[in-house]
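J.: Let's see this in three dimensions:
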Amino acid sequence: MMEVLTERERKVLVLIIEGYINTAEPIGSKTISNAKSIMGRWGSATVRNTMADLERLGLLFKPHAVAGRIPTHKAFRYYLDSLDIPVYPGKRALHTLDIMLRSRYPYVEGIMEDASRALASLSKHTGIVVEPSVNTMLFKEIEFVKLTNNTVLTVFVTSSGTVHTRLVETDETLDTDTLNKMKGYMNGKFGGIPFYALKNGILEDIEKDKTIFNQLLKKVNDTLETIIDGEDKREVYLDGVSKIIGVPEFLDMDKLKELFKALERKEKLLHLLDKCMKEEGIHVIMGDESDIKELRDMSIITSTYKIGGKSYGILGVIGPVRMNYSKIIPIVDYTAKTVTDILKIM
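T.: You can find the predicted model right below:
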């Protein structure tokens with residue numbers, strides 16, 4: 001349960017947090033008592049006593065015997081939960097994202113790359129975009145490319161334009177006419193159906209249908225299973241990872257290396273981000289709320305974007321816990337809305 005603070009405790013805590021966000025240095029009582037917003041209401045001795053009370057509540061800690069105080073992750077959570085977040089990002093972010101909205105993208109991959117680049121540039125931290133899981137996306141079309149008498153390249157296209165390919169080996173030689181009939185059957189019958197429902201539709205037709213392409217139909221169904229149920233191969237677009245270098249919290253090279261390794265292990269990152277997709281809108285994983293040990297000095301601000309009304313992807317910003325939340329949350333939120341709007345008109 002969040003602590004109930006007095007007005008003075010809350011004011012001192014917010015000043016320390018905002019000072020620490022700007023400087024990454026411990027904040028002393030003299031700095032707080034000289035702050036314009038306090039206007040001399042409380043002297044250094046009073047502020048020191050208030051800081052000691054906040055330390056006992058687990059909201060501040062003292063890194064050295066004679067240093068000022070640093071806010072804990074618990075303090076940042078308190079600050080974030082009571083923060084008045086603007087609806088829109090600043091003018092520069094609006095301008096950048098509006099340019100992106102006016103662009104024409106032939107492939108979804110280009111949108112993901114531009115969105116992660118914009119998030120990194122506007123936030124000054126690491127931008128991340130994850131494409132939606134295939135099984136929630138809608139089937140658009142299929143193409144068969146005969147490579148040899150018994151090998152066919154199968155190309156699946158989703159409604160959002162993402163492409164998945166698999167090689168299919170067949171026991172019988174399949175001629176081009178059979179492959180074209182198969183393509184016509186799949187595209188005519190299953191267009192707009194979610195991938196997770198596609199398998200059942202094919203299995204039903206395998207039971208009823210004994211035509212020449214029945215064997216290929218079984219192979220296509222097996223191929224779908226490898227795409228939908230196999231290892232999570234969703235693409236993760238990261239931009240601005242190098243911005244972590246030089247951040248005061250990661251001056252220790254061993255710590256920095258562990259963090260880079262954690263970002264490279266995309267399976268763990270996907271598992272963590274998937275938890276944010278349970279609810280639409282902004283979600284913040286702060287510090288020790290993360291399941292990934294190496295990310296426990298970081299915060300991840302995410303939002304979901306939509307494809308086709310029911311399929312969701314996720315994007316966001318990864319940075320130190322002392323991020324400027326009131327600036328970055330509107331950027332993440334508006335970027336998600338921009339990506340959703342672009343995908344609607346593709």
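
J.: Just give the number of residues close to the residue lying closest to Lys146 once chain neighbours are set aside.
T.: Nearest non-adjacent residue to Lys146, counting by Cβ to Cβ, 6 or more residues apart in numbering: Val152, 5.7 Å away. Heads up, the C-betas are built off the backbone N, CA and C, glycines and all. When counting by other Cβ atoms under 10 Å, one arrives at 23 neighbours for Val152.

J.: Now Val152, what are its backbone angles?
T.: Val152 adopts backbone torsions of phi -120, psi 130, taken as degrees, to the nearest 10.

J.: Contact partners for it?
T.: Residues in contact with Val152 (Cβ atoms under 8 Å, 6 or more residues apart in numbering) are Phe144, Val145, Lys146, Leu167, Val168, Thr170, Leu174, Leu179, Leu216, Lys219.

J.: For Tyr334, see how far away it is.
T.: 44 Å (Cβ to Cβ, to the nearest Å).

J.: try Glu7
T.: 33 Å.

J.: Which strand residues bridge Gly319?
T.: Beta-bridge pairing of Gly319 under DSSP bridges involves Ser299.

J.: ranges for the strands of the stretch 151-300 of the chain?
T.: Secondary structure of the stretch 151-300 of the chain (DSSP state E, counting those that start in this stretch): strands located at 151-158, 163-169, 236-239, 283-286, 298-307.

J.: ok, residues contacting the second one?
T.: This points to strand 163-169. 134, 147, 150-158, 216, 219-220, 223, 226-227.

J.: Tell me the buried residues in it?
T.: His164, Arg166, Val168 (16 or more other Cβ atoms under 10 Å).

J.: ditto for the longest one
T.: For strand 298-307, burial by neighbour count (16+ other Cβ under 10 Å) applies to Met298, Ser299, Ile300, Ile301, Thr302, Ser303, Thr304, Tyr305, Lys306, Ile307.

J.: Go through the residues you listed and say which is closest to Ile32.
T.: Ser299 (23.8 Å; Cβ to Cβ).

J.: was I right about the closest one contacting Gly319?
T.: Yes. Contact status for Ser299 versus Gly319: in contact at 6.3 Å, counting by Cβ atoms under 8 Å.

J.: elements contacting the lowest-mean-pLDDT helix or strand in the chain?
T.: Counting by mean pLDDT, DSSP states H and E, the chain has its least confident helix or strand at helix 214-228, which shows a mean of 71. Judged by 3 or more Cβ pairs under 8 Å, 6 or more residues apart in numbering; DSSP states H and E, helix 214-228 is in contact with strand 151-158, strand 163-169, helix 176-190, helix 195-208.

J.: Can you check what angle separates the longest one from strand 151-158?
T.: Read it as helix 176-190. 20 degrees (axes from the mean of the first three to the mean of the last three Cα atoms, to 10 degrees).

J.: Mind giving me the packing neighbours of helix 176-190?
T.: strand 139-148, helix 195-208, helix 214-228.

J.: Just give me how far that helix sits from the chain centre.
T.: 37 Å (Cα atoms, centre = their mean, to the nearest Å).
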